[in-house]
Structures are given as C-alpha cells and as structure tokens.
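Colleague: Show me the folded form of this:
(2 chains)
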Amino acid sequence: MATLDRLTKRREYLRAAGSGRKWVTPGLVLQALPRCPTADGQSVGGEHCEELQSESDGQEPPIRLGITVSRKVGNAVKRNRVRRRLRAAAKEVLPQAGRAGFDYVIIGRQGTLLRPYADLLADLRQAVGKLNEPKRGSEGSDDRRGGPASRRKPASRRKTGQPAQNRPSHA
RNA sequence: CCAGACGGCUGGACGGCCGCUCUUCGCCUGCCAUUCGUGCGCGGGCGGAGGGAGGAAAGUCCGGGCUCCACGGAAGCACGGUGCCGGGUAACGCCCGGCGGGGGUAACCCUAGGGAAAGUGCCACAGAAAGCAAACCGCCCAGCGGGCGCCGGAGACGGCGAGACGGGGUAAGGGUGAAAGGGUGCGGUAAGAGCGCACCGCGCCCCUGGCAACAGGGGUGGCACGGCAAACCCCACCGGGAGCAAGACCAUAUAGGGACGGCACGCCGAGCCUUUCGAGGUUCGGCAGGUGGGCUUCCGCACCGCCGUCCGGGUCGGUCGCGCGAGGCGUUCGGCAACGAACGUCCCAGAGGAAUGGCCGUCCACCGCCUUAACCGGCGGAGACAGAACCCGGCUUACAGGCCGUCUGGCGCU
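Modeller: Predicted coordinates for the structure are as follows:
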C-alpha cells in the first residue's frame, strides 16, 4: 500500500546520503536508498531487513521520507517554510511515484523557497523517476514496470480523488 | 496647519479544498485481566467537537523558580559583580520618583554619578616646568657686593644716574598643553603677587528646608587639597557550581569488572578458618586515617582504601519532568508613579529530524508608472522583523505599515 513513514535517526540520514543515489533539480535534491533486498536483488539495506520482512507479513514495506534543510537556506522561518512545502509536495507525489521499501531524503535548496509549487512538483516527479530507472549498464530491469503499477492500485484507497484532480492542473 | 518631543496599542481580514498535533466524546476492533457482570488496563481504525507561536518566541546579557552535585552551617582568603538618594519587587545590573552634572528656545533628552589629606602608579606629544614647587623668554633693581659716569669733598667717603657683572626679586605678560598652584576688576608695587578690597569659585563651621541625595542662607579662611579609580586599590553590599542533553522511573544491561603504577596498608575487641602454637588469613564493630566545595580552619555529614593511566562490556528506546502560573482580563480602592490590595471572571501551545501548515481566490492597506483639474480607473511590484524547545521577571537587538493620546515651538483665524 506504500504508506509514508518518517526517518527519525541521524544514522538513517547519513546512510541515505552515503550509500544512496542522488538526483539534483533546481527546486530540490533527492536521495534514494532501497532499505531491503526487494525485487531488484541488490541492496545496501543491511540488518534492518529481517525484522522488516518478518513484520510486514504480506503487506508492502512503507516508503520512508526525510527532509533536510541546512542553515544555508536561511533563518529558521525560511527553513521551516521550505520543509513544509517539500513535505506537502512529497505527500502528493511519493505514494504513487515512489517505490515501496525505499528511503527518500529530500534536501531543500535556496531556490525552494520561491519556486512555484507546480514546478516543485515537477522537480520531485522528475527526480523520483530518474532514481527509479536502473543504473546504466546495471542488471535486472524486469519488474520495475510491474512493481509500481501493482502497488498503485491499493494506494489509492483513501485519498484517491484529490491528487487526481491536481495532476492536470500543472500539465 | 507645519515642525517636533514623549507614551501606548496593533503586527493584515474573509472564504474554499487538503493536511499536522494535543485534548475530549461516540462507534467499530485487537490484546491483556476477569468473580464472566465487565475494566479510571494497553493499543488500532473511522467520525464529531474544541485548542494550537511572538512582541520580540531572537541574542542568551542579568535576576529568579526548578533539578542534581551528600556540600548543610560559621569565619577568613581568593575571584567575580554592583556603586548619588528614596521607593517598588521574589530578585535584579530592572522599573518608578527625586538630586547633582551636561545639552536644547521649549516639550524633553543624555549621564558607570562612592572614596584622590590610606597607599602605589600614570599624566603621551608639546613645553622651561606635569606635582614639587620651580623659572625658558620676559619684567624689575627697593634692599646687598663690585665696576662705569656726573656732582660734592683735601681725603676717607657721600649723593645722584645709567646699566644688569655678581647676586637677587617676580610669575602680570609670551609660548606649550586636556590640564600650569583660583577667575574678573580696582587698589597696590621697583616689578609683581590674595599683598589688600568687591563679586564669583573653593574649603571649613553654623542655621534653615528635606527621610535622604542635596538645596538655600550666614559666618569664616586668603587659596591650601591639579587630573585619572571604565589604573592598581580602599570602602559598602551581593554572589557555591552546573544546567531540562538538569534530573527521575521502566525496559535492556550493568549492578561496576580487569591490568599496571604511586601513596596509605596503624591500633583495639569479637567470630570463623589454618597452624610447625610463634603466628597467619578473613569477616564484623570501634578508633585513628583518608577522600569529598576555588582554597584554609572549625562544627556537622556521607563514603571506605585513595589517586592516575589503560583494557574490556553495556546503553542510547519509552514514560515522566511538561504546563494553575511571582498567570491573563475587568472593576474598585491606596499611591505623583513603578506597584500593591480586595472582589469578580477565564483556563490560554505542548513538538521531539522537531506539529501549529500546503495550495488557491476575493478584499484590505503600501509603493512605482499611466490617466484625471481632483476623486475614480488601469497595469506591475511587494505584504516588516521573525518560529516556542523547562518556565517566569527584565535588558538588548530587529521591525513594512497603521492607529490613539499628552505636551512644546511657530504661523494663521476667532
């Protein structure tokens, strides 16, 4: 069902920054890291996987989200606003476009504060799409089309109407 | 109306869709317990209702509460802070009202403002001289010595004059400086000088007013006692340290384990073990001893080897602390005021990689441009500073715009 969870530990942020993949757009920087040896086999996840799999018993593991805004962006008010806009955008995009079992870390930039919201959504969609593609020359592209598509169906159980309305507005 | 001074308030409004967090209610549901009725038991989902950033939440500069450090009491030292007087306050370095000094036509503003005859130190540059009384240029020879000229005298010598050699007098003037041993004026004098006098300043004494800081008046002294204490210092008063990552509980685990080095390893009593009957080991109790605030001493207390270095192991989860408070608002009374008292009324954020929002629309007020005699209208821009992190009282700093009140000066009108 691809619910959204949060990263709460500094370790997890450092892991995503150190071993994850990264994509940069004008509005934000996205880092993604598979938490478990899920469908595509290779993993950096490590020891958390066992407990995750054992507890998830048939359900899909959640997507976890973390947002980082450094002091370079501005004072506390500006940083909070950047964080909130990124969080709102992530709630719109990630449940559909993100892959289950991944940790995503969004890093705010100085441009995030004044970037139009529609552009911010586009940035995030592009970044997620790029990171979901396989590494060039890497193996195992078999299930990527199938995986997210199958997950998209149960994810729209609760708030299915609203994002569907917003999507044509920016296109 | 213009210019200005002071004080206070405010910190966009409304709506739509979608969220976050806390409290509470209802329904459904899982676990646990059960005396099978249920449960102030632990959780999950859905829905309803209600609360949800600031005047500075900021800087973390003072003062407290609270918590731990077993640090509790007394004295002294050290260190740090404060510094006119009176009041307010839980307290303050804060606030209010006065006083002194400075600025402004005024409203008003600024002010680290105790002590310099307790001691030490400093006073750059300039200047002769920077603290002790001296004298570079200058002014003056009244009095002393010598020389010169003139006059008198027989002479010794005397008188007068100029000068400034010795030697003195002086501090008015010049010049330096932030500051040069009171200032201005008159008298006075060889020249001058508080040398004398008047006024001002200053010191001391007295009187009056004031709780006081201080102010006013009178007398007196004849000027001594230069400045700097945001130099050391002295005096008075205040202050133990660290901070919610404080700290407490639960879970896991440790409950403190090991090695090395240094310093202490003393006495008495009792029990147990060993014994070659000399004693040894160990436990408990007491004394001594040691350790424990920035330091010392004393009293009290706690702990029992103490200190240092290294190695090994564990934890970083949850709950509480954590929102009834020096609390907000209103009225009355006391007070010039800060503030206090009484009564009534209200409950007002509690996150934890950190909630209090995201997107959109209309209006509002601002700025610029176009248009208009002006209003109107159109377009564009931008909506200050800034986000609770244990909580209060202050200070400081940042701040678009708007509103209100009091007062001062000027101009005009009645």
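Colleague: Where does A:Val82 sit, in terms of helix or strand?
Modeller: Taking DSSP states H and E as the definition, A:Val82 sits inside helix A:76-97.
Colleague: so what pLDDT did A:Tyr117 get?
Modeller: Looking at A:Tyr117, its pLDDT is 87.
Colleague: Also A:Val105?
Modeller: If you check A:Val105, the pLDDT there is 89.
Colleague: C-terminal to the host helix or strand of it, what's the next element?
Modeller: Here A:Val105, judged by DSSP H and E, is contained in strand A:102-108. Using DSSP H and E, the helix or strand that follows strand A:102-108 towards the C-terminus is helix A:117-132.
Colleague: tilt between that next one and strand A:102-108?
Modeller: Compare the direction of helix A:117-132 with that of strand A:102-108 by axes from the mean of the first three to the mean of the last three C-alpha atoms, to 10 degrees and you get 140 degrees.
Colleague: Can helix A:117-132 be said to contact RNA strand B?
Modeller: Yes - using C-beta under 7 Å from any atom of the strand, helix A:117-132 comes into contact with RNA strand B via A:Tyr117. Using the backbone N, CA and C atoms, a C-beta is placed for each residue, glycine as well.
Colleague: With stretch A:71-83 instead?
Modeller: Yes - using C-beta under 7 Å from any atom of the strand, we find that stretch A:71-83 touches RNA strand B at A:75-77, A:80-81, A:83.
Colleague: where in chain A is pLDDT low?
Modeller: Residues of chain A meeting the criterion pLDDT under 70: A:1-3, A:35-60, A:134-171.
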